[in-house]
Each structure stands twice: as C-alpha cells, then as structure tokens.
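Asks: with the input below, show me the fold.
(3 chains)
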Amino acid sequence: MSMRSWGKSKGDRSQKAKQELSSPILERLAEMKVSGRLDDTIEAIEEAMQDDFDFVVRRFKAFGRFPAALLFLTSMTDQNAINQELMKPLMHKSSDLADAEIDSGQLHDMILNETLYHSNVGTECQLDVLVQGILRGESVLVVNELNTSFIVRTCHVDRRAIDQPATEQVIRGPREGFIEMLETNISLIRYRLQTPELKVRSMTIGRRSKSLVAVCFMEGVANPELLEEVERRLSVIDIDAVLDSGYLEQFIEDNHYSPFPQVQYTERPDKVAANLLEGRIAILVSGSPLALIVPAVFNQFYQTVEDYTERFLLMSAIRVARFIALVFSLVFPALYVSIISFNPELIPTEFAVAVAGGRAGVPFPAVIEVLIIEISMEVLREATIRLPQQVGGALSIVGVLVVGQAAVAAGFASPITVVIIALTTIGSFATPAYNAALALRLLRFPLIVMAGIFGLYGVMIGFILIANHLLSLKSFGVPYLAPLVPGSFQGMKDLVVRAPLSWMSERPSFLYPKDKARLSDAAMEEMKKQPHNALDPMNLNDQPKES
Amino acid sequence: MKTRWNRLVKLAVPMLFLLPLMTGCWDRLEIEDRAVVLGVSIDKAGSNTGSDDVTNNQGTRERLSRDSIRVAVQIALPGRIPLGPGEGGGGTTNSQQTVWVIDVVGYSLDDAFMRLQQQVSSRIFFGHLRVIIMSEEIAKSGIDNVNDYFRRNSEVRRMAWLMIAKGEAMPLLKAAPKLERIPTLYLMSTLDEGINMGKFPQDYIGMFWSNASKKGQEGYLPYVALKKEQNVEIMGLAYFKGAHMMGKTKPLQIGGYMAIKGINPAGYRVFVRLSGSSRMVMTSTTHRDTKWKAAIRDGHPHFMITIVLEVNVEEKLDMEFNLHDEGVLREIQDVESKTATKMFGRLIRQTQEAGSDIFGFGEYIRAKKPGYWNAKVKTKEQWQEQYKEMTFDIKTFVNVRRVGMEAR
Amino acid sequence: MANIRQITAIQSSAVLASTIIGVGVLALPLFAVKAADAGAPLVTLLGMALGYIGLYLITLLGIRFPNQSIVQYSEDIIGRWLAWVGSVAMIAFFAVITALGAREFGEVVVTSVLKNTPLEVTVVVMLALATISSRVNVTTFAYIHNFYFPLLLGPGFLIVALSMKNADMINLQPVWGNDPSGMVPGILTVAALFQGSFVMTLVIPAMRRPDRALQASFWGIFIAGSLYVSIVVAAVGVFGSEEIKHLLWPTLELAKATTLPANVLERLDAAFLAVWVTAVFTTLLSTNYLTIRMTTELFRLKDHNLFATFLLPVIFVMALIPKNIFQMYAVIERVGRIGLAITIAYPGLLFVVALIRKKRGKRPNENAMEPAR
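Replies: Predicted coordinates:
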C-alpha cells in the first residue's frame, strides 16, 4: 500500500468518527460564553463539573469590591501558588482603590497587568476552553461584569524523579531517562541541544485524553518532507485516548501487519538527541516515558548508545557479537532441527553418534521436542517478567536449572536440545531493542516448522521469505535495510562495525538530511596530524629547572 | 468491507494451496532412527547365497553369473556411546559393545544392502560411512560394482577411506582396538594420522576414483592387515589397473611413491649402511622435492625425475665414528641417494610390469606433450600398454640437515 | 514515488550477476568438460565472452532507448507486428527457462537431499517463492538482488578456495584440452547459462544513470563469469576431467569433498545446496519477473500481480514435462540453443535496424519523473 492511499483512507474515516467520539459535555458548553454575570458562569461550569469532589469554587471579593470566583481542581493544582500568587494580591484591599470608579475595561487590565503575580496567564471567554483548562490543572478566575475570564497555569502534578532508564542500561553514558511528564522530557532534550534549531511543535491528540504530543526536530537538518509527512500522519489520528506513545506508533507505521518494528522507541534523552542530529524526528507524548523516533531502520535495533561512547575497536567487536546473537536467536533451533532430522552427515562422526545417543530415549521427533522446550521457555520468560521482582529471581533459577535438568533426566528432551534452546534464548536477550528481539523470537517458530518439513532447504526458504519481507519494508520511505541495501558506503561504516567518529563525517545519507556535514574539515585535519607531545622532555628542556 | 473479504480470500487461497505441503514430513528421519553405518567390509562368499531372496525375481536370478559377496556393516549403537567425555568410568566401555556388526550375502552391493535392510529395523544411513574395506580377492577380481554403487549413492562422502585387507576383510570390522570408542574411527585415524606424519599420501575414496578415471593414471589404495592386538598395520600400496588390483608394495615403498610424487610431509625412516660392517645410521626424511621432466625419445616417453630429500639423522648404531668427522655426512648422503634411487627405480619398474601407472606419468604426458598424446595414446588402454615401454632416469639428492641434540 | 529512477550502477551489476549465477553452475563443469576435457575453463571463458556479446547488444539498445524496455522499443524499431512476434518469443522463452530452472533444481534437491519428498513439492515451492516475490516494483526487485548477491559469491568462492588446496595443475593442462572438437557446441551450451543477463532490459529504464549501463553490465558478467570460471577450474583441478564425466553435478560433488577447517562441518554438500537456494531463487525471480513484465507491457496490462498468479500453474506444468533427468538436460540444451537466437541474434537484428533507420529514444532526463516500468 502506498503512503498516499494510506493517508486518504485514514482521512475519510476520521470525518465520520468525529461525531461519535466527541464529549457531549464540552459540546454543550462550546456555544456558551462568559457572560457578565458571575453566577451564570459559575452555574454553567459547576453543572459541567458536578460529581467531581475535587472541584472547588472559591468565591471572594476582588479588591474588596468586585464579586469574583476562582475555580480549580484541588488535585491538579499547586495550593500554595494559588494562595500566594492569586488569592493574596486579589484580596488585597488597596486604599487608593477604595473609592476610585473602575469600569469593567479598567478592571480587566488592572487584574492582568498589576495584580496577578503569575507568569502564565491567559484570557478566554469560551466556556468549554475554561473547563478544559480546569481539567488540565489550571485555575480560572471569573469576575463579575467581565466578559472574559483569566486562566492561570497553576498546574502541579506529582511526578517521579528522573531515574536511570530501566530498559536501556549503559555502562558508559548518561544516566538520565525520560519520565511521564512531557515538559520534563523536553527539558532533558533541550538541555542537551542548546540551539535555536531544535524545534518542538506540539499538537493535542486523543479526544478524551487530550494528550499533548510534541514533535521534536532539528531545523536545517531534518528533511522538511519527512517532517511534513510525520505531522500529517499524526494529525489524522483520531482516537479517544493516547495512553502511551505505543498507540501513536501503531498509527504512524507504514506496514501494520509486519512483525518488525518500523518506529524506534527509547527512554534515553541522549539517544533522542543523537537521532535528532542524524536528521530523524522524535515524537513525545505526555504520560509516556518513551519517545518515538522515526524513521527507523533495521540496524538501529542492534545498536546501543554505548557503541559511540566507548572506543570504536572494542565496540565494533561487541556489536558483531550482538549481531551474531541476533542471527542465532532467529535460526539456531531451526538449524539444529534440520541437521538432526535431515542432514546428520554434516556434523563430525563422533559427535553425530554421541548426539544420537543423547536422543535415544526421547520419544518425540526433534521438531516437536524443540517446539515444546521453546514454548516452555517463552512461558518461563513471560512469567519472569510478570512476577513481582522478589519472586522473579527465584523463578528463573528454578525454571532454568531444575526444569531443564529434570526434562533431560526424565527423557523428555535431549541435553543438546536444552543447550541449544538456552543459547538461543540468551542470544535473543542480547538484542538491545526489545520489540525487534520479540519479532525475531516469534519468527523463529515458523522457521522451526519449515525446518521440520524440508530441513535446511526449508530453513533457507523461510529465510528468503523473511528477507524479502524486510527488503520490501519501508519506514517513511526509507528502505528498512538501509544503508545495507541501497548500498551506501558512508553508511556501511556504521552497520556491523562502528567506525571511528572521524570516519563518519557525514550524517546518514538515506535520511536525506539538509545539512550533511557532521564534523568540520578542520577537526578532521587536526586528527590526521601527528599528536603534539606536550610533555616530551625534548620540548621541556629549555624551561628553567626547578631548584 | 468488500475489499477486506477480497484480501481474506487472497490470503486464504494460497494458504489452502500450501497446507497439503505442510502436512508431509517426507524426509524427516531422526538421527537415532537411522542405522548409522560407519564401516563396510566386502568379501567373497563362495557360492552359497542363502535362500532368502529379497531382490530377485525368478527370472533374473539365473542370469546372474557373478559370484556372490559377503558384505558386513558396522552400525553405531546410539545408546551405548555416552555424550560428552564419558560418565564416570566411561573409559572401560568395550568398543565391541558400541557398535554392531552384521553380515549378509548378496550378488551385488545393493542386493546385499537390501537383504540387510530386510533384517535391520532402522533405515541404513551411509552419511557417516568412513571406511570401506575389501578383501584382496575381491579387489583382484574387479571393483567396478563398488565404485559404481558408492559413487551413485549421494549419502556417501568422498572423504571416506577405501582400503584393501590382507586376507579377509570382515575381521577388521570386528576388531576392537583400545584407543577409540568406535572401532572404525580407529581404522580411519590410523590413515588420517598417517597423512599427518607423512606415512601415507592422501588417498580418500574420491581421490582414488579421480585417479582411476584419469586416462593417464591408475588408482591405488592402502593395503592393511590386522595384527595380534587388534591393531592395524599399513602394509603398503595396492595398485590397480582399471578396476583390478594388480599387486602391492612394501611399506617402505609407500615412502618411495611419495618421494617420486614429491608429496609432503615426509615421514619415513631408513637405515643407511655406511662402508664398514657395522657403521649404521638411521635417518628420517623431513621434506621431499621432486621435479619431473618429460621428453619423447625414440617414439617413447622418457622421464627425467629429480628428487631432493632433506633428512635428519635420528639414530647412530655405532659409537666408533662421529658424525662431525670429515666426510661422514657426505657419505651418508651418497649412500642414501644411491639406495633410494635404486628403490625408486624398482618401484616404477614393478608398476610398469603390471601396467599400472599410479604415478600419473601418462597424465603428465597428456598435459605437457598433448601432441604426442593425441597422436599416439589417446585412450586409457593405449597408455596402459605404452607405460610398459616408458623409460626414465632418476636422480636423487639427499641433504642431511640436522643430527638431533647430540653433538657427535 | 518508488518508481523514479533509483537503481545505481553497482546495483545493476548485482542484479546481473545474481541473475546469471543459478542452478546451472551445478552441472557447468560437466558441460564444459564434455566439450573439451582439460580445456573446460577455456570453454567457460569463451562461453562467457559469447554471452557478453548478447548483453553488450542489449545494453547498447538500452542506452539508445533509455526510457523503454525491449518490448516497447522493438515496436518502434521494426514495427508493431514483427515486434509482437519477437516479444511473444521472448516471453515464451523466459517462461520455459523459469520452468526448467525450477525443475533442474528440484531434481538436484530430490536426488541428493530430500529423497522422499515429491519432486512436485520442491518445484512448486521454488516457483511459489519466485511468484510471491515478483509482486514488487523494479526498485525492490533490485534491492532483493543486491541483498542476496554477497550470499551467492561467498559460498561459491569459499568452496573454490577450500578445494583449491587439493587441486592438481596437471589436470588443467593443456589449456585448450586434448580433444577440442566439441569446443563450439560446448561454448554455445555454456553461453546459454548467461542468458539471464537479458534482465538488463528491465533494469536500464529504471537506472539512475543509464549511460553507465555498459560498465554495469561488464562488471556484472565479469563477476558471474569469474565465479563460473573459478568453479570450473576448481572442479577440473580437483577431480580431473575424466572423473567429472562420471558426475552429474560436479560442483555439488566438490562441496561434498570439501571440509571446513577443524571439521566444523565435515562435508558441505547439503549446506551448499541450502545456500544455493538463494542463487536459484534470484535466477527464478529474474526470469519470472522478465516474463511477467514483458507480458504486461505487451498486452498493456495495468497490474502485473494478478498475471503472476495465473502464470504459476502454467510454468509448473511446463516444469513437469521432461520425463527423466537425461531428457531434462537434453531439453535444457536445446532450449539454450534457441535462447541464443532470442537473446543474441534478435537484439543484434534490432540494433542493426535501429542504426539503419536512425531510431533513438528520448534522453533520460527529459522525462525522468515519469514512472519507469
């Protein structure tokens, strides 16, 4: 399906959906405006907010003369700020105001310009906007005889502290991870990219959740076409709630039926910053500690931040190991099945005879045996994630050691099968991206079945099918296997090995960044020069000796 | 909605089409369900073939005028060979118990294997066939059947060993050497290690076939015999003419063959008797370097063979003389090169009498003198005749390089 | 938007090479040795040269008409009806080639690895794989080839490198062979293995820079040809020409005689055959894709996917026609001869007529944004 038709069908559907999903309360308020009469306004809002125990209407007389009310949700606001910054100045009776004739226009200006000790104040007359503001944690000040009301941003929600990213640990690199608050997350990015080119566009998605979505990009680096497409795909999403960035991911990806992730997620602000600098676009949602990065290509899923912070030689080796683990987690059990049941002549004679001995008591064919152990391994893994942490450790030891040993002793599985499955499972944990590892882990099963039918031939057929699927996948028009497949020599330097940073002076070309250079020529020149030996005794000789 | 149904149908049709494919596991055969044949022996059986006709119809049986053969196979018993480096006292497992030797009589190999399959429940699997042993008698009467059957069977590897046994072949399969868990692997490693130590040229069954099919070359095979302690000795080369064994060499002549062919590493040791009754040293060859030059003389091919041997002195049987004495090393070199030349010449003449050019002189002519070859030889039979007429000169140079740790 | 000219010269070389390298390589040493025993490498080399002549003509034509495929420009050159006959011949030829390729590989698999599996299953699996993968545009088609390309060269050259240590140079002499009388038919047979290079007619209209097609086609055929030659050299060197005459698929036998260092795998035939599935797949994909694309263009169909599905049973039935393996090879040889007329003589004719009539296509940049088929 081409991208254009994708957008079209989405657009058609959203038109119809608008009527069904909308909130009736807000719709009713949409026609109403703040009238000069305080009581009418309060009544209308109170009616909308009835049954909300944390909704408070604080009536008072502004400057001792004008009836006014402050409306807010106690659960979402900072009480202290309301007291100090709103109530105190508003209720202060100034002596020179006592007799002065103040008309409504003057009153408005006076409150806005002289009284409210708050930086973020807006005026609004639509009642539905006011209600939405209250729901966001803002305070609404309604004053009698004024046709507009004031919205003061007094929002305060308890947040957890910025913590180490739980799923993307590194040994060398920053320790901060995103949290659920959008503002904090953006601050974490801004702090790393202090440049005016870092732009954050926002939009609200989710009819009922009203989630704030931020689209971050580097102006002059990210391709404008890409930005436009991302915004278009986001803007047509019409859903009642976006509870996590995962919801958005499923709407903006290209192929909805593929097992492979076409959007990368991360909870590391430094990873987002690095990707923004490569010309990608990050999408953050309030309430989600995971940022989305588009477009994503396959090689991102076995790379980590650490690859770039540690020395290139070591990390290249580790990356190769990770890549081998990734391939192994996909094909290892299938290869085992096809060698044992189809082509035992390939392995050394001594080993073949011994393997036959190990399998002699097992009643099932190798395919069934591998499938059983493989499925129980998946169950075990899932159970370990779901269990409370205190129990989880115990279970994994019990599971792996005891069950494995017992299965062999009971003649249920051959020892080599257990070894193979254990290696495969461990291999799949070496893939940094959980969703990519999951995809490969699932694809392992059809491969095992193919191996059970056709042996090595079947494994190859399965592999070709998977590879062809990968080759036809695209993420925002970028071929999924880039830079391997529309071969780019510049890109190859960061594919299986990680070349020194000085070799990678350009941003990835498959993202068509507007500004290609990442490293200045002068820096490149400097790296090529002989290092200056500052503390060489030869150079230090002409300095006077001490004492 | 309609498009969705369309998609569903489009997906379902190929699935339905593929479903029957998925149900068959035609070739899946677990490793423990295969009768893994490790070794095969082939002997003459005389005329009694037993009465259990499995492969013959009434009609074809009378027409088979061949002598029947006795084929024995060595099958690995899956349960008996422990996985990993032996559990507890695994070293004491008698190798007789890890394998199973069964023999049948048949007219041809396939006939015999069919009869065997009739007696064995699991399917016979030749993928790990490592050693094929034939009795000398079989080899002399022609091995076309053996060549054809094993070449045609896709499971058989080209890296298996084909060997000729002195006397009966079956005892070799039944032997239970102490060194390996699996007897056949002992046989195999005898030859494989022989290659590494320079005692035997690489001569897997595939190479034998290649050599035997070449127009200007004949095949040769290892000639082995069972010894008292169930161990195996390499007794020499069995040389062929076409598919018939023509004769065998002595063990040392294997070294001679390898020297004429210039095959390394070298590993044979020889006595060198110097002038004087008891002045003897033992030398070991470490490296061989051989050059052939072909010419046509008087309408016959003539070869000039230059062999350079590097040797070490390994043993001196007499304390009377010192190696560092003037001329001793030179004498060793002279004597050894003389005896070697004589030995090489004898070997070539021996094969010439049999018309069995195991050295590939004919191939050399074919490659280097194609004009002569195309005019005079052309076929394998022609060369077998002409080989007898071939003349040659051998020049052997021996260099003593090292004498070990002893200074004298 | 995926249809703009995107294919680079390197990619088109990869397409060419991986199309040419296919199931034919398994029997190639046998063909070559039958022609001129020890001169087999020379026969292969000359066959490659002959194959290159055909490719050269196609490439020249492609450069002359950078926006059109052979079906389209042949109409311009020799007129609608003559071109129709030529195009139908090409389509039929490539359909037959696809069928025979699938059959040959099915035959190899059934003989050597999956002995109890019905031939029909192995054939239909390969064909289905090719058909499913044909439902892509030219760019993805090129990506697929580009991806598998290293997977073909790697094992091929690995086998050659590992077996070369057992090779004997005597076997390769004299270089022109002892009995070169069968040389000419041998060259024709080997040249027929290079017919896959016809896929260049599809690639050129989608190339980013059609003027580099000549380089691309040279390198493509050079890579494929050098793999072929080195496999023949290795096979003849290891086995000797007489032994090869005993073997149906010498290349497979070569893999069988090869051991990975340290005995990790004791023989490589099954593994090699498994990896060779990709080689056969890319070849079948190309010939199938050629058939489908040329038909779509000839009958001016809009959607080639549906036609791909209809073609599958036809090719499948054709694949099953030969009764046994010797008949199959006889058919392959005969079809190969006919194919030479189609892939070399016909483009040659087109080229000469185009020169005489001074026909020439538009420059590529004039309508570079037009979807290239």
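
Asks: so what touches the helix or strand hosting A:D307?
Replies: For A:D307, the element it lies in under DSSP states H and E is helix A:306-309. Contact with helix A:306-309 is made by A:170-173, A:274, A:315, A:318-319, A:498, A:501, as judged by CB atoms under 8 Å, 6 or more residues apart in numbering or on different chains. Heads up, the C-betas are built off the backbone N, CA and C, glycines and all.

Asks: tell me the pLDDT of residue 306.
Replies: Just going to use chain A. Note for A:E306: predicted pLDDT of 84.

Asks: that was the other one, I meant chain C.
Replies: C:L306 is given a pLDDT of 77.

Asks: what does the one 4 residues further on give?
Replies: C:F310 is assigned a pLDDT of 84 by the prediction.

Asks: can you count the residues close to it?
Replies: C:F310 has 11 neighbours, counted by other CB atoms under 10 Å in any protein chain shown.

Asks: immediately after the helix or strand harbouring it, which helix or strand?
Replies: Secondary structure assignment for C:F310, by DSSP H and E: helix C:304-319. Using DSSP H and E, the helix or strand that follows helix C:304-319 in sequence is helix C:325-340.

Asks: mind giving me the packing neighbours of that next one?
Replies: With contacts defined as 3 or more CB pairs under 8 Å, 6 or more residues apart in numbering or on different chains; DSSP states H and E, helix C:325-340 has these neighbours: helix C:80-112, helix C:183-192.

Asks: now stretch A:492-510: mean pLDDT?
Replies: The model assigns stretch A:492-510 a mean pLDDT of 82.

Asks: in that stretch, what counts as buried?
Replies: Under the neighbour-count criterion of 16 or more other CB atoms under 10 Å in any protein chain shown, stretch A:492-510 has A:493-495, A:497-498, A:504-510 buried.

Asks: may I have the phi/psi pair for the nearest residue to C:G51 once chain neighbours are set aside?
Replies: Leaving aside its sequence neighbours, C:G51 sits nearest to C:F194 (CB to CB, 6 or more residues apart in numbering or on different chains; 2.8 Å). The phi/psi pair for C:F194 (degrees, to the nearest 10) reads phi -100, psi 10.

Asks: most neighbours among the contacts of helix A:306-309, which one?
Replies: Going by other CB under 10 Å, A:R498 tops the contacts of helix A:306-309 with 24 neighbours.

Asks: just to revisit the earlier point, in the helix holding C:F310, what counts as buried?
Replies: Neighbour-count burial for helix C:304-319, with 16+ other CB under 10 Å as criterion, is recorded at C:304, C:307-309, C:311-312, C:315-316, C:318-319.

Asks: kindly report the same for stretch A:402-419.
Replies: Quick answer for stretch A:402-419 (16+ other CB under 10 Å): A:403-404, A:407-408, A:412-418.

Asks: out of the residues you listed, which touch chain B?
Replies: Filtering these for proximity to chain B by CB under 8 Å from any CB of the partner chain leaves A:415-416.

Asks: pLDDT weak spots in chain B?
Replies: Applying pLDDT under 70 to chain B flags the ranges B:1-5, B:7, B:10-11, B:14-25, B:46-66, B:79-96, B:179, B:276-277.

Asks: name the SS class of the closest residue to chain C within it, please.
Replies: Closest residue of chain B to chain C, CB to the nearest CB: B:A367 (3.4 Å). Judged by DSSP: H, G, I helix; E, B strand; the rest coil, the three-state class of B:A367 is helix.

Asks: quick revisit: does chain B have contacts with the helix or strand following the helix holding A:D307?
Replies: Where DSSP H and E defines the elements, the next helix or strand beyond helix A:306-309 is helix A:312-341. Yes: with CB under 8 Å from any CB as the criterion, chain B is reached by helix A:312-341 at A:340-341.

Asks: show me what helix A:312-341 packs onto, helices and strands only.
Replies: Other elements packing on helix A:312-341 under the criterion 3+ CB pairs under 8 Å, 6+ apart are helix A:306-309, helix A:366-386, helix A:415-429, helix A:434-454, helix A:456-472.

Asks: residue numbers of chain A in contact with chain C?
Replies: So chain A meets chain C at A:2-3, A:342-343, A:345-349, A:454-457, A:459-461, A:464-465, A:467-468, A:471-472, A:477, A:479, A:481, A:484-487 (CB under 8 Å from any CB).

Asks: only whichever of those are buried, select them in ChimeraX.
Replies: In ChimeraX syntax, the buried subset of the residues of chain A next to chain C is picked out as below (16+ other CB under 10 Å):
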select /A:3,342,343,345,346,347,349,454,455,456,457,459,460,461,464,465,467,468,471,472,477,479,481,484,485,486,487
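
Asks: look up how far C:E243 lies from the closest residue to chain A within the stretch 101-250 of chain B.
Replies: As assessed by CB to the nearest CB, chain A sits closest to B:G127 within the stretch 101-250 of chain B, at 2.7 Å. Counting by CB to CB, to the nearest Å, the gap from B:G127 to C:E243 is 22 Å.

Asks: could you do A:N120 as well?
Replies: 89 Å.

Asks: neighbour count: the two, which is higher?
Replies: C:E243 (24 against 11).

Asks: before we move on, what SS does the more buried one have?
Replies: Applying three-state DSSP: C:E243 is helix.

Asks: that older thread, closest one of the buried residues of stretch A:492-510 to C:R300?
Replies: Of all the buried residues of stretch A:492-510, A:F510 has the smallest distance to C:R300: 34.6 Å, by CB to CB.

Asks: residue contacts, the closest residue to A:V485 other than its chain neighbours?
Replies: Leaving aside its sequence neighbours, A:V485 sits nearest to C:Y143 (CB to CB, 6+ apart; 4.9 Å). The neighbourhood of C:Y143, defined by CB under 8 Å, 6+ apart, consists of A:471-472, A:479, A:481, A:485-486, C:11.

Asks: so what does C:Y143 have for phi and psi?
Replies: C:Y143 adopts backbone torsions of phi -60, psi -40, taken as degrees, to the nearest 10.

Asks: near chain A, which residues of the stretch 51-200 of chain C show up?
Replies: Proximity of the stretch 51-200 of chain C to chain A, by CB under 8 Å from any CB, involves residues C:109, C:113-114, C:117, C:122, C:125, C:129, C:132-133, C:136, C:140, C:143-144, C:146-148.

Asks: what sits against B:M134?
Replies: With contact taken as CB under 8 Å, 6+ apart, B:M134 is in contact with B:41-43, B:143, B:146, B:162-165, B:169.

Asks: got these as a markdown table, with distance to B:P177 columns?
Replies: Listed next are the contacts of B:M134 as a markdown table, based on distance: CB to CB, whole Å:
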| residue | distance to B:P177 |
| --- | --- |
| B:S41 | 15 |
| B:I42 | 21 |
| B:D43 | 20 |
| B:I143 | 26 |
| B:V146 | 24 |
| B:L162 | 20 |
| B:M163 | 15 |
| B:I164 | 19 |
| B:A165 | 15 |
| B:A169 | 16 |
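
Asks: from the residues you listed, which land in helices?
Replies: If you go by DSSP state H, these have B:V146 in helices.

Asks: which of the contacts of B:M134 lies closest to B:N322?
Replies: Ranked by distance to B:N322 (CB to CB), the contacts of B:M134 are led by B:M163 at 44.1 Å.
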